[in-house]
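Engineer: Quick one, fold the following:
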Amino acid sequence: AGDAPTKNPATAAANAAGDAVRVEAVGEIDIDNAGDILGGTNGIFAQSDVDIDIINQAGGLIDTDTGFAIDTVGAATTITSAGDIVGAVDLTDNDDVMTIEAGGSWDAEASASDFRLGNDLLTNGGTMLAGGGTVLLNLETFNNTGTLVMTGGLLSAPQTTSFSSSGTIRAESGAATIDIPGKLANSGLIDLLDGATNDTLTIDGDFVGSGDSTLAIDASGDVPDLLAITGAASGSTDVDVNYLGGFNPTGVLVVDTGTSTAGAFILDDVIASPIFDLSLVRIGQDFFLISDPNGSAFNPLVVPGFATDLWYQSANEIFAETVKPATTTGLSFWGNLYASRDRYGDDDETVTIDGIDFDVDNRVKTKRHGVQLGADYGFAFGRIGLSAGYAWADANGSIGANPRARGWNLGLYGQYGGIRGFHGEFLAKHDLH
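Structural biologist: So this is what the prediction gives:
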């Protein structure tokens with residue numbers, strides 16, 4: 001007949017085929033749960049014309065088999081949960097307030113909740129699971145400051161005129177849709193980032209980005225994650241990209257909008273190989289991610305020539321000896337110190353990738369120096385010997401290719417021929433740079 005304080009401690013469990021906890025009172029109803037409430041019909045049913053307060057503490061569980069996790073009738077209801085709630089809620093015709101606190105969770109997946117009349121408020125500061133047909137009927141205001149996990153499929157809030165998120169909306173389970181009549185005001189993270197380009201989040205309404213509004217996606221040159229906005233996109237949202245590879249100079253669609261303002265989406269942080277230049281371009285009302293090769297993509301073209309030149313760098317010093325007529329007999333020694341500069345390559349080459357031509361500057365300038373020593377044994381019109389040396393090379397490419405190398409070499413050489421007549425020479429050399 002009066003107030004009805006009800007407490008379920010952490011060591012207790014309320015389990016019933018009907019309502020696990022049922023409270024009807026003329027006065028205030030205060031339900032404090034720290035244990036498990038498992039109802040066959042409803043987890044909690046409460047009716048009062050004065051006030052209904054339900055607290056689900058950390059570690060507490062409110063669950064149902066067939067009905068509602070929480071069903072209240074009469075006075076305005078306040079639900080505060082730092083524990084777990086599984087299933088839908090059915091609240092009153094007054095101004096109801098439901099808060100999921102940090103560390104708490106509400107599994108509302110594939111369930112229909114009804115907040116009924118009044119000016120109702122839902123705040124998720126913990127983790128809320130939605131999708132697969134989640135419906136939030138007659139809810140006027142939804143604030144997400146925690147993590148809203150879209151498990152795939154539809155989250156519908158047909159009467160929610162204020163939907164804001166300063167936390168995280170995570171949509172990493174394929175295709176998901178948030179259907180609202182107004183706008184989604186985002187100042188947090190929309191996270192489609194899971195290492196695969198197979199996620200699509202559709203916002204069936206308008207979208208406004210502000211503050212720290214960020215869209216995080218996986219993308220490649222063929223297929224990206226996609227944010228689709230059926231209404232108008234405005235404000236400013238940073239786009240962070242985990243780029244998985246592939247060139248696409250024409251771009252792949254990453255944000256599809258009904259209408260958009262310039263700068264509604266701006267490329268921000270990129271995780272990608274340094275060979276890619278990424279840009280986000282607005283084409284019509286939509287935003288495309290363009291991936292071009294940058295100069296370093298063509299740096300490997302420099303390496304084969306650079307490696308070959310390293311061999312010839314020391315070989316030329318040996319050839320300088322073997323091209324001379326064989327005039328020595330017996331054991332002899334020689335040594336050369338050298339330094340040189342060379343330049344090769346063109347600054348107007350064309351390279352074709354995936355059928356698209358790119359202008360490439362492959363000109364390379366190289367500074368070289370080293371020492372080469374030899375010892376040989378001469379006989380009539382010929383000699384045979386060993387040579388060893390140490391060489392340095394420092395290249396400066398116009399496209400940022402700056403390979404450097406140093407190392408030793410060891411070779412066997414020989415020659416035949418005098419001042420006149422037949423002349424022959426050979427060289428077998430191993431380099432380690």
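Engineer: The residue of the chain positioned farthest from its centre - nearest residue in space that isn't next to it in sequence?
Structural biologist: In the chain, counting by Cα atoms, centre = their mean, Ala380 sits farthest out from the average C-alpha position, at 72.2 Å. Nearest residue to Ala380 in three dimensions, chain neighbours excluded: Thr329, at 7.5 Å (Cβ to Cβ, 6 or more residues apart in numbering). The way it works is simple: take the backbone N, C-alpha and C, and place the C-beta from them, glycine included.
Engineer: what's around Ala34, how many residues?
Structural biologist: Number of residues near Ala34 (other Cβ atoms under 10 Å) recorded here: 19.
Engineer: Tell me who's in contact with it.
Structural biologist: For Ala34, the contact set (Cβ atoms under 8 Å, 6 or more residues apart in numbering) comprises 8-10, 57-60, 83.
Engineer: Look at it and report its pLDDT.
Structural biologist: Per-residue pLDDT puts Ala34 at 95.
Engineer: returning to what we had before: and the residue farthest from the centre of the chain, how far is that from Gly330?
Structural biologist: Distance of Ala380 to Gly330, computed by Cβ to Cβ, to the nearest Å: 11 Å.
Engineer: and if you look at Ile384?
Structural biologist: Relative to Gly330, and taking Cβ to Cβ, Ile384 is found at 12 Å.
Engineer: Need the overlap of contacts for those two.
Structural biologist: Tyr377.
Engineer: Between these two, point out the one with more neighbours.
Structural biologist: A direct count of neighbours by other Cβ under 10 Å for Ile384 and Gly330 places Ile384 higher, at 15 against 9.
Engineer: which residues does that one form a beta bridge with?
Structural biologist: Counting by DSSP bridges, Ile384 is bridged to Tyr377, Gly414.
Engineer: Make sure it is actually in contact with Gly414.
Structural biologist: Yes: taking contacts as Cβ atoms under 8 Å, Ile384 lies within contact range of Gly414: 4.1 Å.
Engineer: returning to that earlier point: which pLDDT value belongs to the residue farthest from the centre of the chain?
Structural biologist: On the pLDDT scale, Ala380 is placed at 79.
Engineer: next one: Gln47
Structural biologist: With respect to pLDDT, Gln47 has a value of 97.
Engineer: for Asp347, same thing?
Structural biologist: Predicted confidence (pLDDT) at Asp347: the value is 62.
Engineer: got it, and Gly83?
Structural biologist: 98.
Engineer: Need the nearest residue in space to it, chain neighbours excluded.
Structural biologist: Once flanking residues are discounted, Gly83 sits nearest to Gly60: 3.3 Å by Cβ to Cβ, 6+ apart.
Engineer: With Asn56 instead?
Structural biologist: Leaving aside its chain neighbours, Asn56 sits nearest to Ser81 (3.9 Å; criterion: Cβ to Cβ, 6+ apart).
Engineer: Surely the one you found is in contact with Ile100?
Structural biologist: Yes: here Ser81 reaches Ile100: they are 5.5 Å apart, a contact under Cβ under 8 Å.
Engineer: quick one: common contacting residues for these two?
Structural biologist: With Cβ under 8 Å, 6+ apart as the test, Ser81 and Ile100 both reach 106, 126.
Engineer: Quick check: bridge partners of Arg22?
Structural biologist: Arg22 has these beta-bridge partners by DSSP bridges: Phe45.
Engineer: give the contact list for it.
Structural biologist: Counted by Cβ under 8 Å, 6+ apart, Arg22 has contacts 42, 44-46.
Engineer: On the pLDDT front, check it for me.
Structural biologist: Arg22 is assigned 95 on the pLDDT scale.
Engineer: so the residue nearest to the spatial centre of the chain, which of the three states?
Structural biologist: With the centre of the chain defined as its mean C-alpha position, the nearest residue by Cα atoms, centre = their mean is Asn242, 3.2 Å away. The assignment at Asn242 comes out as strand when based on DSSP: H, G, I helix; E, B strand; the rest coil.
Engineer: can you check Gly211 too?
Structural biologist: coil.
Engineer: Hmm, Ser187 and it touching each other?
Structural biologist: Yes: the pair Gly211 / Ser187 is scored as a contact, 3.7 Å apart, by Cβ under 8 Å.
Engineer: more neighbours, these two?
Structural biologist: Ser187 (17 against 13).
Engineer: how close does the more buried one sit to Asp240?
Structural biologist: To Asp240, Ser187 is 15 Å away according to Cβ to Cβ.
Engineer: my guess is Thr145 contacts Ile169, does it?
Structural biologist: No: using Cβ under 8 Å, Thr145 is not in contact with Ile169; the gap is 11.5 Å.
Engineer: what sits in contact with each of the two?
Structural biologist: Applying Cβ under 8 Å, 6+ apart, one finds that Thr145 and Ile169 are jointly contacted by Gly188.
Engineer: Just want to know which of the two has more residues nearby.
Structural biologist: Ranked by neighbour count (other Cβ under 10 Å), Thr145 and Ile169 place Ile169 first, with 24 against 19.
Engineer: Hmm, Thr202 is touching Gly174, no?
Structural biologist: No: the pair Thr202 / Gly174 is not scored as a contact, 11.5 Å apart, by Cβ under 8 Å.
Engineer: Please identify which of the two sits among more neighbours.
Structural biologist: Thr202 (18 against 15).
Engineer: The more buried one falls within a strand, correct?
Structural biologist: Yes: Thr202: assigned to a strand according to three-state DSSP.
Engineer: what about the helices in the stretch 251-400 of the chain?
Structural biologist: Using DSSP state H, counting those that start in this stretch, the helices found in the stretch 251-400 of the chain span residues 302-322.
Engineer: what about the strands in it?
Structural biologist: Along the stretch 251-400 of the chain, counting by DSSP state E, counting those that start in this stretch, strands occupy 265-271, 276-283, 286-293, 330-344, 349-353, 356-360, 364-379, 382-397.
Engineer: For Ala233, which of those strands is the nearest?
Structural biologist: Closest to Ala233 of the strands of the stretch 251-400 of the chain, according to Cβ to Cβ: strand 265-271, at 7.4 Å.
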